[in-house]
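turn this into a model:
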Amino acid sequence: MNPEEEARDVLEDCASGMDQSIENLQREMNRVRTGRANLAVLDGVRVDYYGTATPLNQVCALTVADPRLITIKPWDKSLVPLIEKSILVAELGLTPSSDGEIIRLPIPPLTGERRKEIVRGVKKSGEDAKIAIRTVRRDANELLKSIDSLPEDDLKRSLKSVQELTDGRVEKIDTNIGRKEKELLEI
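From the prediction side, this is the model:
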């Protein structure tokens, strides 16, 4: 493989690693409770279904009945107590109630203090994502510098491309965090 192809591969891997960090952050942001019903808050909930930890959405129908209520209709009624227990164990700050067939999950409004606390957590997650992106940048720069017989002009151009990738991804993170913060502080 020639040095230019190696440099191109490093840049592609760098972009892929940075995009993965952004996707992870986005998944985490989707799970953050904002005071409105959002099925993504249940993504991490697993139910013990015949000895297997199964995602909640694979054992029941999930719907947003109104902006402050999620309804859960298990396909097997015997799962109702297991689903309720799984939701409580997940520590989502939500309390399920059921009538034996349908589980209702009311979404309580967030207090001002709780909103600020969640915003701090969101900002920390954003900083963690930026750190992950900078780590990918550092690794890519080291790999580029270790490529033997890569002309100096190509090395400088590649290092500049890595920095441009980093700047673009960090800006995207800032935008996502700002949007989530606005959503959280909106009453």
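
list the buried residues in the helix or strand hosting Arg114.
Assigned by DSSP states H and E, Arg114 belongs to helix 112-146. The neighbour-count check on helix 112-146 (16 or more other CB atoms under 10 Å) flags 115, 118-119, 122, 125-126, 129-130, 132-133, 136-137, 140-141, 143-144 as buried. All C-beta spots, glycine's among them, are computed from the backbone N, C-alpha and C.

and of those residues, the nearest to Leu94?
The nearest member of the buried residues of helix 112-146 to Leu94, counting by CB to CB, is Ile118 at 14.0 Å.

so who does that closest one touch?
32-34, 110, 184 (CB atoms under 8 Å, 6 or more residues apart in numbering).

how about a cut-off of 7 Å?
By CB atoms under 7 Å, 6 or more residues apart in numbering, the residues touching Ile118 are 32, 184.

and for Cys14?
Taking CB under 7 Å, 6+ apart as the criterion, Cys14 is in contact with 136-137, 140, 162, 165.

helix, strand, or coil at the residue lying farthest from the centre of the chain?
Within the chain, the residue lying farthest from the chain centre (CA atoms, centre = their mean) is Ser149, at 40.1 Å. State at Ser149, reduced to three classes by DSSP: H, G, I helix; E, B strand; the rest coil: coil.

you'd agree it is up against Pro3?
Yes. At 5.2 Å, Ser149 and Pro3 qualify as touching, with contact defined as CB atoms under 7 Å.

where does the residue farthest from the centre of the chain fall, phi/psi-wise?
phi 60, psi 20 (degrees, to the nearest 10).

list the contacts of it.
Counting by CB under 7 Å, 6+ apart, Ser149 touches Pro3.

any idea how far Val162 is from it?
Using CB to CB, to the nearest Å, we find Ser149 at a distance of 19 Å from Val162.

Arg120 too?
Per CB to CB, Arg120 is found 31 Å from Val162.

reformat the contacts of Cys14 as CSV; add pLDDT.
Compiled in CSV, the contacts of Cys14 are given as follows (pLDDT from 0 to 100):
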residue, pLDDT
Val136, 95
Arg137, 95
Ala140, 93
Val162, 93
Leu165, 93
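
make TSV from those residues and add distance to Ala40 to it.
Output for the contacts of Cys14, formatted as TSV (distance: CB to CB, whole Å):
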residue	distance to Ala40
Val136	26
Arg137	29
Ala140	31
Val162	32
Leu165	28
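
alright, I will stop here.
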